[in-house]
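J.: give me the fold of what follows.
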Amino acid sequence: MVELTYQMVLSTLQTVGLLVGIFYYVMTLRNQQKNQQVTLETRQAQLFMNIFNNFSSKEYQKDLENILAWQFNDYDDFFAKYGHDVNPEDHSIWDHNLQWMEGLGVMVRRNLIDPNLVFDIMYGTIISFYEKFEPILIQFKKQWGADMQQDLTYIYLEMKRIKEERGLLL
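T.: Prediction:
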């Protein structure tokens, strides 16, 4: 028979205490990771709602409808009708939309917002905007540098990719 000594009891208590400490530490880390994930998801939801509120505003929708109805033949015709020198107000609205979608592309490319969320509310707008103004954007790239509107192009391609994945026709 094994004789219990003070040293054995003390050693067993130390081992149990160490195991409890390790268990507590692991549980604390897991809770911390879950809290960080919830915080990240909350921030992404807030960011998405800010984007959605801007997109769904009457003013934005009115401006978007206006510029999507523009008629032009080419780059020169576009600037003759809607350039900043001849039509500063409309050009400003167009430029705002261009920069807004560019910023949205940055957020999607950097994984700050899920492209599927963007797709669910505005894929048609992004695709329509890009395809309508693609000749202008191509000329911009030629004139000002290859990286102009790269994130607008990125989000456009992402929307097209998701559209194909989902098998949508429109």
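
J.: contacts and neighbour counts: CA atoms only from here.
T.: Noted.

J.: tell me where this structure has helices.
T.: Ranges of helices in the chain, per DSSP state H, are 6-56, 58-68, 75-82, 88-109, 115-144, 150-166.

J.: mean pLDDT and mean neighbour count for the ones you listed - can I get that in TSV?
T.: As requested, the helices of the chain are arranged in TSV below (pLDDT from 0 to 100; neighbours: other Cα atoms under 10 Å):
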stretch	mean pLDDT	mean neighbour count
helix 6-56	89	12
helix 58-68	93	14
helix 75-82	93	16
helix 88-109	93	17
helix 115-144	91	16
helix 150-166	95	17
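
J.: surely Lys81 touches Asn87?
T.: Yes: at 6.9 Å, Lys81 counts as touching Asn87 under the criterion of Cα atoms under 8 Å.

J.: spatially nearest residue to Phe52, not counting backbone neighbours?
T.: Distances taken as Cα to Cα, 6 or more residues apart in numbering place Ile121 nearest to Phe52, at 7.8 Å, with adjacent residues excluded.

J.: now Phe48
T.: The nearest residue in space to Phe48 (Cα to Cα, 6+ apart) is Ile113, at 7.1 Å.

J.: wait, what's in contact with the one you found?
T.: 44, 47-48, 107 (Cα atoms under 8 Å, 6 or more residues apart in numbering).

J.: now with 10 Å, please.
T.: Listed by Cα atoms under 10 Å, 6 or more residues apart in numbering, the contact set of Ile113 reads 41, 43-45, 47-48, 104-107.

J.: same question for Arg110.
T.: The neighbourhood of Arg110, defined by Cα under 10 Å, 6+ apart, consists of Leu104.

J.: do you know how far it is from Gly124?
T.: 22 Å (Cα to Cα, to the nearest Å).

J.: ok, now Gly105?
T.: Taking Cα to Cα, one finds Gly105 at 15 Å from Gly124.

J.: again with Leu104
T.: Here Leu104 is placed at a distance of 14 Å from Gly124 (Cα to Cα).

J.: surely Tyr123 touches Leu104?
T.: No: using Cα atoms under 10 Å, Tyr123 is not in contact with Leu104; the gap is 11.8 Å.

J.: fine, thanks again, bye for now.
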